[in-house]
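In: Predicted structure and sequence below. I'll ask about it afterward.
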Amino acid sequence: MTETTVYLDNAATTPITDNVLEAMMPWLKEGYGNASSLYSLGRKSAIALNKARAQCAEILGCESRNVYFTSGGTESDNTAVSGAAHAALLSGKKHFITSAFEHHAVLEPMKRLAREGFEITYLPVYENGIVRPADLEAAIRPDTSFVSLMAANNEIGTIQPVAELAGICREHGILFHTDAVQAAGNIPLDMRGTGIDMLSLSGHKLHAPKGIGILCAKDPYPFMLGGSQQNGRRAGTENIAAIVGLAEALRAAAEHTAEKNAKLRPMQERIITEISKLPGAKLNGDREQRLACNVNISFPGQESETMILKLDLKGIAVSGGSACASGSLEPSHVLTALGRSYAEAKGSLRISMSDLTTEQDIDAFLTALPDVIK
């Protein structure tokens, strides 16, 4: 097998960058103290923890005390939904709203709640992969207490009108959560400015290590018991090195978002234009209202797995959709929500770039793809 030389699956995970690793190293070696300890080694860790939390809060537009470090996006999403469910049991308002193409980290907890007596409304996303605010307004009922709609889709990259959706929820006094795992590092995020109540993100999507994420929430229901860490909401000794790495990755991403998108948008346009020339190729999701780093195209009559493996033999890494659904025999729920047929959904490729992607990477991919399709 050829060694991977072109990496175009950054929506699945990203490599740790030098600046992030450099920020982490002192806390992997000398700064190993427990942040809950009173002696100086522990206090140094506590200072680093508080500094990282404040830095993340400033970038995300929320209060520092509302930043909770988790193991990643899945835990953050699960916690947001389960915490809202606990509040709903107390209020009696057990109607939740989400969309048909959310990440499984939101959809699976919703399915469980439905089995437990909650009512879940799934908003359509249409062929362009965008939720319409009017549909949200129409779905709200007197017993609606929670809405979860992602900021940008993890498979097709479409960007949702989060500010408008959050505004509707605020007018009705409804808690609004957004899964920003794909959005973080690719578009600006401002919870205070957009009216978002709860936000999830994952470090390994923006050059931080795996196993670290954030849930931004005001006084969430305690979701990890056994200690007083993180205001008693998430017990357990904090992973200082990973937290510092995430804060540095988020800082770097926020400072260079515009620069990154200016670089990637022409690459994205080039990929879409060239692939669209291939027989039967169909772009999935809106062409304009999407992350600059994402292209998702269906090739009816092809199999995603076959295309991925053939490209891998040429040293090129892409995916067929969400890494979390890898190995499933079912077609992508995201693509079927757009109205794609079984054949179209089973023959899709997701090409996802990062600020490390080069024109040479795109050259190699576009050169290899036609032979793979044939």
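Out: Great, that's in hand.
In: CA only for contacts and neighbour counts going forward, please
Out: OK.
In: okay, and the helix or strand of this protein with the least pLDDT?
Out: None of the helices or strands of the chain scores lower by mean pLDDT, DSSP states H and E than helix 342-346, at a mean of 92.
In: Which other helices and strands does it contact?
Out: Applying 3 or more C-alpha pairs under 8 Å, 6 or more residues apart in numbering; DSSP states H and E, one finds that helix 342-346 contacts strand 294-298, helix 333-337.
In: Comparing these, which comes out most buried?
Out: Highest mean neighbour count among the helices and strands packed on helix 342-346 (mean count of other C-alpha atoms under 10 Å): strand 294-298, with a mean of 24.
In: Mind listing the strands that one pairs with, and their directions?
Out: Paired with strand 294-298 in the same sheet, following DSSP bridges, are strand 282-283 (antiparallel), strand 348-352 (antiparallel).
In: related to what we said a few turns ago, tabulate the helices and strands packed on helix 342-346 (CSV), appending mean pLDDT and distance to His95.
Out: Converted to CSV, the helices and strands packed on helix 342-346 look like this (pLDDT from 0 to 100; distance: least, C-alpha to C-alpha, whole Å):
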stretch, mean pLDDT, distance to His95
strand 294-298, 97, 33
helix 333-337, 96, 21
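In: Just send the ones you listed back as TSV, with distance to Glu274 too.
Out: As requested, those are arranged in TSV below (distance: least, C-alpha to C-alpha, whole Å):
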stretch	distance to Glu274
strand 294-298	11
helix 333-337	21
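In: same question for the helix or strand Arg270 falls within, mean pLDDT?
Out: Assigned by DSSP states H and E, Arg270 belongs to helix 257-275. For helix 257-275, the mean pLDDT works out to 98.
In: relative to strand 348-352, how tilted is it?
Out: With axes from the mean of the first three to the mean of the last three C-alpha atoms, to 10 degrees applied, the angle from helix 257-275 to strand 348-352 works out at 150 degrees.
In: And helix 257-275, what's buried?
Out: Thr257, Lys260, Asn261, Lys263, Leu264, Met267, Gln268, Ile271, Ile272, Ile275 (16 or more other C-alpha atoms under 10 Å).
In: Need the residues that contact stretch 249-269.
Out: Here stretch 249-269 makes contact (C-alpha atoms under 8 Å, 6 or more residues apart in numbering) with 19-20, 55-56, 59, 184-188, 203, 206-208, 292-295, 353-355, 359, 362.
In: Next step: those restricted to strands.
Out: Taking DSSP state E as the definition of strands, the contacts of stretch 249-269 contribute Asn294, Val295.
In: Narrow the contacts of stretch 249-269 to those that are buried.
Out: 20, 55-56, 59, 184-187, 203, 206-208, 292-295, 353-355, 362.
In: about what we covered before: the strands paired with strand 294-298: which one's closest to Thr306?
Out: Closest to Thr306 of the strands paired with strand 294-298 is strand 348-352 (C-alpha to C-alpha; 10.6 Å).
In: Distance from the closest one to the middle of the chain?
Out: 16 Å (C-alpha atoms, centre = their mean, to the nearest Å).
In: Equivalent analysis for stretch 97-111, please.
Out: Distance, centroid of stretch 97-111 to centroid of chain: 13 Å (C-alpha atoms, centre = their mean).
In: Appreciated, that's everything.
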